[in-house]
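In: Pasting the sequence and the predicted coordinates here, then a few questions.
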Amino acid sequence: HRGVGLRATGASYAIQLAGSGGPAPEESERVDDEFLSDRRPRRRPRARKPAIIGSIGAGSVMSECHPGAIYLHHGRQYRVVQLDLEQRKVDVEPIFAAYFTKPLGERETEVLSRTRQRPAGSFLLAEGRVKVTSRIVGYERRRVRGQELLGTEPLDLPPSSYETNALWLELPDEIPHALAANGRNPMGSLHAVEHAALALLPLFALCDRFDLAGITYKLHPQLGRAAIFLYDAHEGGIGLVRSVYERIETLLETTLARLAECECAEGCPACVHSPRCSNGNRPIDKAGALEALGLMLGREILPPAPAPLRLEAVVAQEEEAIAAEQPELRIVTFDLETQRSAEEVGGWHNAHLMRLACAVTWDSIEREFFTAREHQVDALLERLARADLVIGFNAHRFDYRVLRGYAARDLSRLPTFDLLDAIHARLGFRLTLGHLGEETLGTAKSADGLQSLAWFKQGRHDEIARYCQQDVAILRDLFGFACEHGHLLFRAKNGERVRLPMRVSVAEIVDRERKKDARRMN
């Protein structure tokens, strides 16, 4: 316990009075002991001990003890004369000043790894490791009474970096667009959300407010969209933000309630102003934060962005002759239903925010169905990952996009035969699963996606599971029919039943998918 600091983790800096430490006295200042009667042997004079008034952690030394900073200790003011990064010491001198200092800085985050993620409200929540780089570029001098700005001084200090644990909220493009369309400042709105959420986060993580920090981006260079980062403000991370991962919706709802209750008009220290903001609480838009939280929590339908993102066309691979199914291969047939419609999340390109209502798989080796709800998504992803081949219907354009909200890995790399893509490659247009089931198998679907959404809102989860299982059975049997007969059946616009050649080799598809993945790895 002697090696553990009470104030901060990591290295610490000694704060000492300037000039109090130094070398031993010069020879002329010593008492020559040859005049002493007892003739004691000379002793080397000791160096002066510095008068240390306190210590500060490495994570705070740049912002609180930069040259020119006013440092408070036991109610007294000290001005920082020198910051020695190599010796890890801060020289200060007593002063009586009618002003205080506030650092101005720049920070950025680099995502190092993504541990887990899930859709939450109308955004994607992720947890992982980040690298935080900060630099103090100057400081303000403000009058103690009234906080009037007296001046701004530049600083030239090296940047400091550390790795830590973080949560980040990836926001769809529709949220900044909606804020701008309503006359709000998108960056100021999201910045205010970050401040307000950080102020309340200690109620959930049971910590001090200064143990946490945050950064807001209108466009994060790695994520390619707006994002709000909340992270442990200690090198290495101490697990605080991890404890909030499953309760992020509750934190945001509490934040929304706090902002709505605060009587200020444009923001104040009780709601959206932070004492640690390195940007001086600029820009801040409290009204925009209220709107942003409503959109993030899904209380309002996301309006389409003025320039919606275009879905990339999935180029269907030309399917070749079918061979008999290899018994040693694990073929997993798969389908899913969602909790929310595309309209509710701002469009099909935000499918990762639609959230999983139910998914069903059929395993060719285990010969049984597996049903998963949202809390079982990890088990679902594990089943898909161990498959030699996944059979889907619109899997690339929809199902995998929905699951992208939960999977840190790239699902497009799964060996997948997408029946809808194969049909489109041959015909130039798409057919529905229900149409193919009726014409080829004589089996009709029991419901559709809209009915499934209505069932979810009514809490009829068993109905969704039965419907999804039937779709998986139809898809499995269609694939089996194509394997055995080399074609599927559909009805043309003129009413004529037409054979659709569908000759595929399971072994060749698996081999091709493996080679494709190997090329990606290279």
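Out: Noted; the coordinates are in hand.
In: Could you use CA atoms for every contact and neighbour count after this?
Out: Will do.
In: isn't there a helix covering residue 235?
Out: No - read with DSSP: H, G, I helix; E, B strand; the rest coil, residue 235 is coil and lies in no helix.
In: from here on, count from 23
Out: Sounds good: first residue 23 from here, last item residue 257.
In: Show the pLDDT at it.
Out: Here the pLDDT value assigned to residue 257 is 87.
In: Quick check, it in contact with residue 184.
Out: Yes - shown here, residue 257 and residue 184 form a contact pair, counting by CA atoms under 8 Å, at 5.5 Å.
In: between those two, which one's more packed in?
Out: A count of neighbours by other CA atoms under 10 Å puts residue 257 above the other of residue 257 and residue 184, at 19 against 16.
In: hang on, residue 387 packs against residue 352?
Out: Yes - using CA under 8 Å, residue 387 makes contact with residue 352 at a distance of 5.9 Å.
In: Neighbour count: those two, which is higher?
Out: Counted by other CA under 10 Å, residue 387 and residue 352 do not tie: residue 352 has more neighbours, with 17 against 12.
In: So that one versus residue 506, what's the distance?
Out: Separation of residue 352 from residue 506 (CA to CA, to the nearest Å): 18 Å.
In: Same question for residue 369.
Out: 39 Å.
In: just the strands in the stretch 173-322 of the chain please.
Out: 182-193, 234-239, 248-254 (DSSP state E, counting those that start in this stretch).
In: can you put those in JSON lines and add distance to residue 478 and mean pLDDT?
Out: JSON lines is the format used below for the strands of the stretch 173-322 of the chain (distance: least, CA to CA, whole Å; pLDDT from 0 to 100):
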{"stretch": "strand 182-193", "distance to residue 478": "24", "mean pLDDT": "95"}
{"stretch": "strand 234-239", "distance to residue 478": "34", "mean pLDDT": "94"}
{"stretch": "strand 248-254", "distance to residue 478": "29", "mean pLDDT": "96"}
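In: Return the residue spatially closest to residue 319, with its sequence-adjacent residues excluded.
Out: residue 143 (4.4 Å; CA to CA, 6 or more residues apart in numbering).
In: neighbours around that neighbour, how many?
Out: 21.
In: Please list all residues in contact with it.
Out: Going by CA atoms under 8 Å, 6 or more residues apart in numbering, residue 143 touches 271, 318-320, 375.
In: make it 6 Å
Out: 318-320 (CA atoms under 6 Å, 6 or more residues apart in numbering).
In: And residue 524, by the same measure?
Out: So residue 524 contacts 504, 508-509 (CA under 6 Å, 6+ apart).
In: Could you tell me which of those are located in strands?
Out: Among those, the members falling in strands are residue 509 (criterion: DSSP state E).
In: And the residue positioned nearest the centre of the chain, how close does it get to residue 154?
Out: Residue closest to the mean C-alpha point of the chain, counted by CA atoms, centre = their mean, is residue 190 at 2.8 Å. Shown here: residue 190 relative to residue 154, a distance of 13 Å by CA to CA.
In: still on that earlier bit, need the strands of the stretch 173-322 of the chain in TSV (columns: distance to residue 403).
Out: Formatted as TSV, those follow (distance: least, CA to CA, whole Å):
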stretch	distance to residue 403
strand 182-193	21
strand 234-239	30
strand 248-254	26
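In: And these: which comes nearest residue 356?
Out: strand 182-193 (27.3 Å; CA to CA).
In: same for the closest one, what does it pack against?
Out: If you count contacts as 3 or more CA pairs under 6 Å, 6 or more residues apart in numbering; DSSP states H and E, strand 182-193 packs onto strand 145-165, strand 248-254.
In: Can you point out the buried residues in the longest one?
Out: Buried residues in strand 145-165, defined by neighbour count with 16 or more other CA atoms under 10 Å: 145-154, 156-165.
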